[in-house]
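S.K.: Sequence first, predicted coordinates after that:
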Amino acid sequence: MTKPVILTAPCTDVVNGEKLKCEFEKCINRRSGVPKYDNTEAPLVWIIRGCIDYFATLDSDFLGNGNGCGIPDEKADHFANNFYRLDNSLKYLSGYWGVSSEESEESEESEESEESEESEESEEWDILSDIRTLIVHFGESINNLKTVKIKNYKDVQLWLIKKCQKGGLFDKCISAPNINQSDYDYCITVSTDRHDKQIKNHQTEIDYNLRKENYNDVDILIKADDVKKIILAKIGQFISEFLKKPESTRKICIPKEVKEKVVNEYNIDKLAIFAGKDKRSGFFIENDNKYWDGFGLKRMLVYLDHPSFSSMEDPATQQRVSNKIKEIIQNRLKKYIESLDNSDNNSVYKNEIPSLDIRDVFKDFLPEYESKGYLEGAKFQNIAPFFNVKEKGDDTDVDYLIKFIIAVNEALGTELNCENTVDNLICDYIFKSVRLKLNEKN
């Protein structure tokens, strides 16, 4: 009988499952800004989440009552299948997320590279992989185990899954009498056969097989705590390797002359070209509509030069307020474009891009009123749904628009120009808010 294979965790501490889940969520959040194949990645992520929960709560009865009836307990099948799912998901995501050198979605793995990859796993992981193979595949010829290596024997089979109990039938390990099996949760016995073809000539020798050592059994001793430590440490290693990677970046290099045109000439359309290359910018397209807060600022700039607007204001006041509005927009555009440009190898996530939302740009000038958070927050989309959409027609929810006009007129102490389009009404609100604040300062 070959000496037993004993599974022992190299680390003494159990990784906290909840902490591990939080770290894994950091990986997922980092992936949120990266182009990816969602329907490929999401199921793998889901499996790992579920496996963290399962293995973090693994108890000493995780293989059930053994296989006294001939087949493993359903708990053993559950363990084996979850381990297999986890192992496959980690390997797939290692390439997909760039944790390993392989690009899993593009490269075609040769048999040699697969063997090399397998050999890089720890011995403890290989033991667990062998246990999974034995539970799932016994009943067929098994000759590819990594840790149960027995020369000259064939047909490795799972023989027994024995629940270890102190003082029980399997208190002592037959292959190593000095080991108390009761120190472990399970003893898994693997049987092998030499397939001695000469046995047909020795049918009357009842000790022939024993004398020729035609049979050989190997015990695998395991404990739930060690299994838990090994598997959670493996997941933790995967997470750690990913988080150590430099955060991927797509170079957005904005030429100096473009920056000058955007900032000095308020060329919003030129900026939109570069904003459309980076998800951080807030630019997105849906149903062929281009959504971006910069288009709202462009509406404001166009409004300032509108003939009907010019005729309604005192020229000096119009000039003073218009200049202030343009100054505020110019300062925000400058910060925005510098943050968007990451040609100096800044990380995609290093620089937070300032908002171009007109409500944020002019937040220090807008009046306070009771329903402001509601009307200018959740219901702004109802009032001016296409304010930040390029070349989209005017539309509104009349009920909310009326509520907005009444509330704002009272807050400003003056009336908005209701002959405007809805989008120009918002611009009129911004203009009169800035005018009021400037008058207060004077």
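M.R.: Arrived safely.
S.K.: which residues does the spatially most central residue of the chain contact?
M.R.: Nearest to the geometric centre of the chain sits Ile28, at 1.5 Å (CA atoms, centre = their mean). By CB atoms under 8 Å, 6 or more residues apart in numbering, the contact set of Ile28 is Val45. C-beta: built from backbone N, CA, C; applies to glycine.
S.K.: try 10 Å
M.R.: Glu41, Ala42, Val45, Ile48, Arg49 (CB atoms under 10 Å, 6 or more residues apart in numbering).
S.K.: Do you know the pLDDT at it?
M.R.: As predicted, Ile28 sits at a pLDDT of 87.
S.K.: quick one: which of the contacts of Ile28 is nearest to Gly236?
M.R.: If you rank the contacts of Ile28 by distance to Gly236 using CB to CB, Ile48 comes first, at 11.6 Å.
S.K.: Could I get the buried residue list for stretch 428-442?
M.R.: For stretch 428-442, burial by neighbour count (16 or more other CB atoms under 10 Å) applies to Asp428, Tyr429, Ile430, Phe431, Lys432, Ser433, Val434, Arg435, Leu436, Lys437.
S.K.: before we move on, the earlier item: export the contacts of Ile28 as a markdown table, with columns for distance to Phe138, pLDDT and neighbour count.
M.R.: Shown next, in a markdown table, are the contacts of Ile28 (distance: CB to CB, whole Å; pLDDT from 0 to 100; neighbours: other CB atoms under 10 Å):
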| residue | distance to Phe138 | pLDDT | neighbour count |
| --- | --- | --- | --- |
| Glu41 | 34 | 90 | 17 |
| Ala42 | 33 | 91 | 12 |
| Val45 | 31 | 94 | 17 |
| Ile48 | 27 | 96 | 22 |
| Arg49 | 30 | 95 | 15 |
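S.K.: SS state for the residue nearest to the centre of the chain?
M.R.: helix (DSSP: H, G, I helix; E, B strand; the rest coil).
S.K.: how distant is the top helix by length along the chain from the center of its chain?
M.R.: Of all the elements of type helix in the chain, the one with the most residues (DSSP state H) is helix 315-340. Centre-to-centre, helix 315-340 and its host chain are 39 Å apart (CA atoms, centre = their mean, to the nearest Å).
S.K.: pLDDT of it, averaged?
M.R.: 92.
S.K.: surely Ala272 meets Lys298?
M.R.: Yes - Ala272 lies in contact with Lys298 (CB atoms under 10 Å); the separation is 8.6 Å.
S.K.: Just the pLDDT at the nearest residue to Lys290 once chain neighbours are set aside, thanks.
M.R.: Spatial nearest neighbour of Lys290, excluding adjacent residues (CB to CB, 6 or more residues apart in numbering): Lys390 at 4.2 Å. According to the prediction, Lys390 has pLDDT 91.
S.K.: Was I right to think Asp77 contacts Gly64?
M.R.: Yes - at 8.8 Å, Asp77 and Gly64 qualify as touching, with contact defined as CB under 10 Å.
S.K.: pLDDT-wise, which helix or strand of the chain ranks last?
M.R.: Least confident element among the helices and strands of the chain, by mean pLDDT, DSSP states H and E: helix 111-119 (a mean of 44).
S.K.: Check which helices and strands whichever strand or helix holds Lys91 sits against.
M.R.: In the assignment (DSSP states H and E), Lys91 maps to helix 74-96. Packing contacts for helix 74-96, counted by 3 or more CB pairs under 10 Å, 6 or more residues apart in numbering; DSSP states H and E, involve helix 17-31, helix 38-56, helix 111-119, helix 123-137, helix 224-244.
S.K.: so it versus helix 38-56, what angle?
M.R.: 130 degrees (axes from the mean of the first three to the mean of the last three CA atoms, to 10 degrees).
S.K.: buried set for helix 74-96?
M.R.: Across helix 74-96, burial judged by 16+ other CB under 10 Å covers 76, 78-80, 82-83, 85-87, 89-96.
S.K.: Domains in the protein, by residue range?
M.R.: In terms of domains, the chain is parsed into 5-244, 256-441 (source: automatic domain parsing).
S.K.: Comparing the ones you listed, which yields the minimum mean pLDDT?
M.R.: With a mean of 82, domain 5-244 has the lowest mean pLDDT of the domains of the chain.
S.K.: In terms of helix, strand or coil, where does Asn152 fall?
M.R.: For Asn152, the secondary structure call by three-state DSSP comes out as coil.
S.K.: Report how many residues lie close to it.
M.R.: Neighbour count of Asn152, defined by other CB atoms under 10 Å: 11.
S.K.: Against which helices or strands is the longest helix of the chain packed?
M.R.: Helix 315-340 sits against helix 256-265, helix 268-275, helix 293-304, helix 307-310, helix 358-361, helix 422-441, with contacts defined as 3+ CB pairs under 10 Å, 6+ apart.
S.K.: Now that helix: buried residues?
M.R.: Here helix 315-340 shows 318, 320-322, 324-325, 328-329, 332-333, 336-337, 339-340 as buried, counting by 16+ other CB under 10 Å.
S.K.: JSON lines for the residues you listed, including distance to Leu375?
M.R.: Below are those laid out as JSON lines (distance: CB to CB, whole Å):
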{"residue": "Gln318", "distance to Leu375": "27"}
{"residue": "Arg320", "distance to Leu375": "28"}
{"residue": "Val321", "distance to Leu375": "23"}
{"residue": "Ser322", "distance to Leu375": "26"}
{"residue": "Lys324", "distance to Leu375": "24"}
{"residue": "Ile325", "distance to Leu375": "21"}
{"residue": "Ile328", "distance to Leu375": "22"}
{"residue": "Ile329", "distance to Leu375": "23"}
{"residue": "Arg332", "distance to Leu375": "23"}
{"residue": "Leu333", "distance to Leu375": "27"}
{"residue": "Tyr336", "distance to Leu375": "26"}
{"residue": "Ile337", "distance to Leu375": "31"}
{"residue": "Ser339", "distance to Leu375": "29"}
{"residue": "Leu340", "distance to Leu375": "30"}
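S.K.: ok, so of those residues, who is nearest Cys164?
M.R.: Ser339 (61.2 Å).
S.K.: Tell me how far the closest one lies from Asn331.
M.R.: According to CB to CB, to the nearest Å, Ser339 stands 13 Å off from Asn331.
S.K.: any shared contact partners between these two?
M.R.: Going by CB under 10 Å, 6+ apart, residues that sit against Ser339 and also against Asn331 are Pro354.
S.K.: And for the residue nearest to Arg280 when sequence neighbours are not counted, the neighbour number?
M.R.: Of all residues not flanking Arg280 in the chain, Ile353 sits nearest, at 5.1 Å (CB to CB, 6+ apart). Neighbour count for Ile353, taken as other CB under 10 Å: 16.
S.K.: you'd agree Ile353 is up against Lys335?
M.R.: Yes - between Ile353 and Lys335 a contact is recorded at 8.5 Å, counting by CB under 10 Å.
S.K.: what's the nearest residue to Phe386 if we skip its chain neighbours?
M.R.: Per CB to CB, 6+ apart, closest to Phe386 is Lys392, 3.9 Å.
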